[in-house]
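Q: Kindly generate the corresponding structure for this input.
(one chain, ligands or ions: 1)
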Amino acid sequence: MTELALFALLGLAVGSLYAGLGMGIVVTFRTTGVVNIAQVGLGMWGAFAADELASTGRLVLPWVGPASAVGLGGPWPGWAALAAGVVSAAVLGAAAHLLIFRPLRSAPQLARIVATVGLLLTLQALIGLQFGTGTRRPESLLPDGVWSVQGLDVPADRFVLAGLTLAIAAVLVIAQRRTLVGLALRATAEDETSVALAGWSPNLLAALGWAIAGAVSATLASLAAPSLGLSPTTFPALLVPGLACALVGRLSSIGVAAVAGLVLGSVQSVVVYLTSQPSWPDWARTGLGDAFPLVVVVLVLMLMGRSLPERGAIVTDRLPPAPRGPLSWPLAASAVTGALALLVLTSGTVRFAVITSMIFVLFTLSVVVVTGLVGQVSLAQAAVAGVAAFTVARVTPDVPFPLNLVVGVIVGTVIGTAIGVPALRIRHGQLAVVTLAAAVAVDAFVFRNSALNAVGQGALPAPRLWGADFSVRRGDDLARWPFGLLVLTIVVAACVGVAVMSRGSLGRRFLAVRGDERAAAAAGIDVARTKLLAFAISSALASLGGVLVAYSYGQVSAEPFGVMVGVTFLLFAYIGGVTSVTGALVAAAFAPGGLAFLLLDGVVDLGEWFPFVSGLALLVVIVAYPQGNAGALAKVSARLAALRGIGPVEVGPASAGTGDVHGAERVAGEPLLDVDGLTVRYGGVLAVDSVSFRLRSGEVLGLIGANGAGKSSVVDALTGFARSTGGIRLHDREISGHGPRDRYRSGLARTWQSTALFLDLSVRENIDAATVTSSRRARTESAPSSSDPGDQALIDSGSWPLQHHMPDELSTGQQRIVGLARALAGRPSVLLADEPAAGLEPAERIALADRLRSIAARGAGIVLIEHDLELVMRTCDRVIVMDRGQVIAEGSPEAVRSDPAVIAAYLGATPETAVLGGGAP
Ligand SMILES: Nc1ncnc2c1ncn2[C@@H]1O[C@H](COP(=O)(O)OP(=O)(O)OP(=O)(O)O)[C@@H](O)[C@H]1O
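A: I've put the predicted structure just below:
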């Protein structure tokens with residue numbers, strides 16, 4: 001027990017460092033919305049700069065080459081050096097904002113994550129160049145005595161460090177609550193415009209946020225360094241706990257992040273102590289301390305996250321477009337011929353570089369699948385590749401080639417898919433943190449754990465197939481062509497597979513989930529399964545790459561699969577073009593150790609400067625092209641498609657379809673939907689208060705009320721997007737416990753006020769993504785079929801002529817009509833239409849009313865939310881009026897229109913002038 005307490009107190013040193021990083025990350029996020037993965041780089045820079053000044057008197061500046069260090073005539077006193085180091089980290093932070101993140105402020109979130117990754121690599125390289133890669137142990141500025149607490153002798157600096165950490169947190173919290181600058185800093189991330197109107201410069205405020213973050217991290221990194229050591233190679237191990245603390249503080253609480261840092265440091269120290277005990281199993285001795293933050297991160301985020309984002313939490317920024325045109329087989333054939341020629345015509349190191357680039361294609365392809373197509377950020381792909389490689393090393397020679405490859409890929413895929421499980425509830429920057437934490441854990445617990453893996457078991461036996469030797473090396477030949485051919489065959493198969501998949505129905509589902517998870521679930525797509533499938537395919541590709549890397553080296557080691565390598569995969573894939581196979585090929589050509597790398601290195605010998613210069617170049621590229629190469633590639637592929645005559649056609653007026661049965665008899669038939677005491681609360685807001693109604697077959701039921709009355713919340717609750725209490729029976733079956741997808745598949749469909757179309761898919765593909773059973777029949781533009789649910793939905797909604805357009809080529813009104821078509825694609829028995837007429841011309845509204853009637857006439861029940869009373873009168877059999885969450889009237893449109901309570905609820909409007917809800921938006 002005493003030992004446990006002692007180790008917990010000793011852990012306060014590393015805990016204060018984590019707290020410093022966590023607080024820095026929170027401050028940056030609160031002021032700029034960036035989850036700064038490079039925060040540890042800023043903190044380390046300050047600590048190194050302070051130590052250099054204190055030990056040699058050199059002021060080192062954050063660049064390389066001439067005048068990158070100034071001699072200041074002898075070592076500086078410790079506290080003065082610390083102040084200078086802190087200022088230098090603050091300036092570097094502000095510069096990072098002004099030069100990199102300000103230009104990217106309206107870029108996709110992914111671009112900003114990639115930029116922080118690029119900044120981290122650049123800072124790591126810069127520190128290595130300026131201060132060397134060895135470990136330093138600076139002089140301590142804190143008291144070096146020992147304090148006795150309840151019989152325990154604890155170094156005094158631990159208490160001072162913990163106290164300082166809490167003091168810094170208190171100062172930051174008070175400053176942000178009590179000072180004008182603090183308040184402006186808090187406001188700037190949420191609403192730049194209001195801050196600017198109040199006379200503040202959002203740009204300077206954001207730079208100040210970055211500077212404060214850099215200063216806080218550098219202060220605590222410098223003070224903790226004497227007991228921990230300073231080394232540029234230990235970055236990732238510090239980064240993840242820092243991010244974990246920020247997440248525990250929900251990226252918004254400085255105080256919680258600080259306390260979480262201290263607790264995490266203490267617990268980690270205790271875990272390390274426990275794992276060193278003789279009773280602890282050998283296989284679990286190494287890496288548990290490093291794996292622990294992963295557990296914290298995952299638990300916190302899984303508890304915080306939601307399986308679908310909430311209304312209002314939808315991220316509107318778009319990833320680069322993904323090509324959807326037909327595969328160009330001639331282009332593919334020329335690429336394969338070119339690669340073959342390169343293999344045959346080269347030898348030695350050049351051929352090895354060609355092979356390295358080819359293997360790298362598998363890594364960038366894995367990022368294309370999971371990030372480019374499904375929008376899930378993963379920094380763990382190198383770890384997954386490593387798992388496969390280590391598995392192969394372990395099972396060979398008992399399991400011969402190629403069976404060992406299959407086993408490796410299966411194990412890698414299982415682990416990679418498991419790493420993807422948090423993605424079911426966690427998104428964007430937070431997912432980057434989880435996958436990074438997973439990479440650190442796998443690196444520490446598996447790759448560097450000699451009790452668990454086969455490192456040091458020697459060379460992999462030559463891969464042999466049907467008697468032929470496919471090994472990379474024999475005698476003087478460093479890169480044999482049979483191995484190149486083996487790699488090429490696997491890579492070509494993978495490329496073709498991904499290209500075909502991304503253009504098919506799976507690719508459609510991927511892009512739908514990437515575009516809008518809520519709308520995808522409402523269109524019957526299993527979002528969780530789609531994401532996991534993407535992680536599985538992506539992990540299989542990375543695993544193949546991992547095994548081939550192992551065979552290309554002839555043995556397995558941890559280095560090619562390190563945490564920073566995984567980070568590099570994302571960086572290269574994004575810049576090369578993260579949404580297409582072509583992008584993966586471009587990225588791989590420039591891969592470290594690959595072909596372009598070799599050629600460039602031959603032309604300009606950058607030597608040890610290479611990592612820094614390439615990091616800087618990547619940052620310049622990402623700032624200049626925030627969508628990476630994918631934007632450019634998409635333009636080229638659109639032009640090629642236009643040349644082949646498959647470009648967009650002119651938008652014609654939405655014509656009435658063949659399925660129009662206007663004028664059919666209105667029959668109120670069997671009950672379809674029974675809603676009983678439906679109640680929705682958002683925290684303290686009672687949005688829907690015990691609403692009950694019944695909808696019958698053939699009926700159009702109007703749901704009206706002023707803005708904020710609770711109408712959309714009713715739709716959200718009925719379709720499974722808002723938590724609710726009360727009964728919901730569809731076809732006499734209780735569905736209130738079911739998810740959105742199940743409800744859609746049971747026949748309950750909805751449209752969205754925000755249109756929520758999948759912007760990366762054409763109108764036709766939007767509809768096809770939502771058809772429960774997809775029709776494989778070849779379609780013709782002129783001959784719709786009533787047996788095809790997609791065709792029928794396009795016709796019933798009047799959007800048949802729009803089917804070859806991309807959503808953003810359409811007006812908002814047309815997009816709403818397409819949204820209606822998508823809701824009809826599942827042939828629902830109940831349709832909840834949330835303001836489908838907003839943005840339509842008067843004539844189009846009349847046509848829409850007729851269409852809704854004819855859909856109902858064929859037996860569906862429709863709930864129509866609408867502000868325009870004329871449309872409601874024309875379309876609905878019955879109307880429910882809501883006010884402040886409650887039903888205040890119900891009856892025929894005529895009766896409701898003249899109900900005094902209803903008129904009173906609408907600001908005293910007279911029945912003649914009333915356009916309920918204040919008019920269409
Ligand atoms: N996610 C949320 N969190 C907190 N409050 C919410 C949330 N969504 C809606 N509300 C609140 O619930 C109430 C009902 O909102 P709702 O959007 O359902 O009304 P509405 O009748 O559809 O309005 P509108 O006609 O403007 O679409 C409003 O007070 C709104 O501010």
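Q: What segments of the stretch 301-450 of the chain are helices?
A: Assigned by DSSP state H, counting those that start in this stretch, the helices in the stretch 301-450 of the chain fall at 329-345, 348-367, 381-395, 403-420, 428-442.
Q: and the longest one, what does it pack onto?
A: With contacts defined as 3 or more CB pairs under 8 Å, 6 or more residues apart in numbering; DSSP states H and E, helix 348-367 has these neighbours: helix 329-345, helix 381-395, helix 481-503, helix 527-553, helix 563-577, helix 581-589, helix 595-603. (Glycine included, C-beta is placed from N, CA and C.)
Q: what angle do the longest one and helix 563-577 make?
A: Think helix 527-553. 110 degrees (axes from the mean of the first three to the mean of the last three CA atoms, to 10 degrees).
Q: Does anything pack onto helix 527-553? Which helices or strands?
A: Using 3+ CB pairs under 8 Å, 6+ apart: helix 527-553 touches helix 348-367, helix 381-395, helix 403-420, helix 481-503, helix 505-515, helix 517-522.
Q: swap in the first one?
A: Using 3+ CB pairs under 8 Å, 6+ apart as the contact criterion, the neighbours of helix 329-345 among helices and strands are helix 348-367, helix 481-503.
Q: what's the neighbour count on Val270?
A: When neighbours are defined as other CB atoms under 10 Å, Val270 has 20 of them.
Q: That one: what's it in contact with?
A: Residues near Val270 by CB atoms under 8 Å, 6 or more residues apart in numbering: 4, 7-8, 11.
Q: Now that we have these, which of them are buried?
A: Among these, those buried by neighbour count (16 or more other CB atoms under 10 Å) are 7-8, 11.
Q: that older thread, identify, out of the helices and strands packed on helix 329-345, the most deeply packed stretch.
A: helix 348-367 (a mean of 25; mean count of other CB atoms under 10 Å).
Q: ok, is stretch 891-911 in contact with the ligand or not?
A: No: using CB under 6 Å from any ligand atom, stretch 891-911 stays clear of the ligand, with a minimum separation of 12.0 Å.
Q: Please parse the chain into its domains.
A: 15-235, 335-603, 671-747+828-905 (automatic domain parsing).
Q: most packed of those domains?
A: domain 335-603 (a mean of 22).
Q: what's the least confident helix or strand in the chain, going by average pLDDT?
A: Ranked by mean pLDDT, DSSP states H and E, the weakest helix or strand in the chain is helix 628-643, scoring a mean of 70.
Q: continuing past that one, what's the next helix or strand?
A: strand 671-682 (DSSP states H and E).
Q: The helix or strand following that following strand pairs with which strands?
A: Heading C-terminal from strand 671-682, the first helix or strand you meet, by DSSP H and E, is strand 685-696. Strand 685-696 pairs in its sheet with strand 671-682 (antiparallel), by DSSP bridges.
Q: now the partner strand: mean pLDDT?
A: Averaging pLDDT along strand 671-682 gives 94.
Q: if we can go back for a sec, including mean pLDDT and distance to Ala244, could the helices of the stretch 301-450 of the chain go into JSON lines?
A: Shown next, in JSON lines, are the helices of the stretch 301-450 of the chain (pLDDT from 0 to 100; distance: least, CB to CB, whole Å):
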{"stretch": "helix 329-345", "mean pLDDT": "90", "distance to Ala244": "43"}
{"stretch": "helix 348-367", "mean pLDDT": "94", "distance to Ala244": "24"}
{"stretch": "helix 381-395", "mean pLDDT": "94", "distance to Ala244": "17"}
{"stretch": "helix 403-420", "mean pLDDT": "96", "distance to Ala244": "16"}
{"stretch": "helix 428-442", "mean pLDDT": "87", "distance to Ala244": "7"}
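Q: What's the local residue count around the residue of the stretch 751-900 of the chain found nearest the ligand?
A: The ligand sits closest to Gln753 of the stretch 751-900 of the chain, with a gap of 6.0 Å, by CB to the nearest ligand atom. Per other CB under 10 Å, the neighbour tally for Gln753 reads 17.
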